[in-house]
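Chemist: This is the structure alone, sequence omitted:
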């Protein structure tokens with residue numbers, strides 16, 4: 001007979017608790033994902049309405065113009081910094 005026969009180990013209870021926690025974690029994850037997907041569909045519908053209402057100015061063009069402006073501003077600023085670094089070393 002073993003010394004630890006009086007200690008009973010019930011792995012099925014621990015396993016049940018772990019499964020229960022995982023189940024609720026997955027339920028919460030599904031709720032978050034469904035909310036995120038619903039918001040994305042709403043945004044896409046609003047963008048589609050915008051494109052139908054203003055066919056001459058699509059939302060993609062707005063994004064491209066803003067991205068182009070920002071890229072140009074960053075390039076001009078970087079070029080100005082590089083020129084100022086090299087022009088001060090020559091003097």
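Modeler: Sure thing, it's come through. What you see is a predicted model, and the numbers here were worked out from it, not measured in a lab. Numbers count the residues shown, from 1 in each chain.
Chemist: could you point out where this protein is predicted with low confidence?
Modeler: Applying pLDDT under 70 to the chain flags residues 1-16, 18-20, 88-91.
Chemist: Need the three-state assignment for the residue nearest the centre of the chain.
Modeler: Nearest to the geometric centre of the chain sits residue 36, at 10.3 Å (C-alpha atoms, centre = their mean). The three-state label given to residue 36 by DSSP: H, G, I helix; E, B strand; the rest coil is helix.
Chemist: any idea how far it is from residue 30?
Modeler: With distances taken as C-beta to C-beta, to the nearest Å, residue 36 is found 11 Å from residue 30. Backbone N, C-alpha and C define where each C-beta goes, glycine included.
Chemist: do the same with residue 44
Modeler: 21 Å.
Chemist: again with residue 60
Modeler: Distance, residue 60 to residue 30, by C-beta to C-beta: 32 Å.
Chemist: Near residue 69, how many other residues are there?
Modeler: For residue 69, the count of nearby residues is 10 (other C-beta atoms under 10 Å).
Chemist: Which other helices and strands does the helix or strand that contains it contact?
Modeler: In this assignment (DSSP states H and E), residue 69 forms part of helix 59-90. Applying 3 or more C-beta pairs under 8 Å, 6 or more residues apart in numbering; DSSP states H and E, one finds that helix 59-90 makes contact with helix 11-53.
Chemist: If I take the helix it packs on and helix 59-90, what angle do their directions form?
Modeler: 90 degrees (axes from the mean of the first three to the mean of the last three C-alpha atoms, to 10 degrees).
Chemist: Now do the end-to-end distance for stretch 46-60.
Modeler: 13 Å (C-alpha to C-alpha, to the nearest Å).
Chemist: List the buried residues of it.
Modeler: For stretch 46-60, burial by neighbour count (16 or more other C-beta atoms under 10 Å) applies to no residue.
Chemist: again, but for stretch 37-48
Modeler: By 16+ other C-beta under 10 Å, stretch 37-48 has no buried positions at all.
Chemist: starting at the chain centroid, how far to stretch 60-70?
Modeler: A distance of 21 Å separates the centroid of the chain from that of stretch 60-70, by C-alpha atoms, centre = their mean, to the nearest Å.
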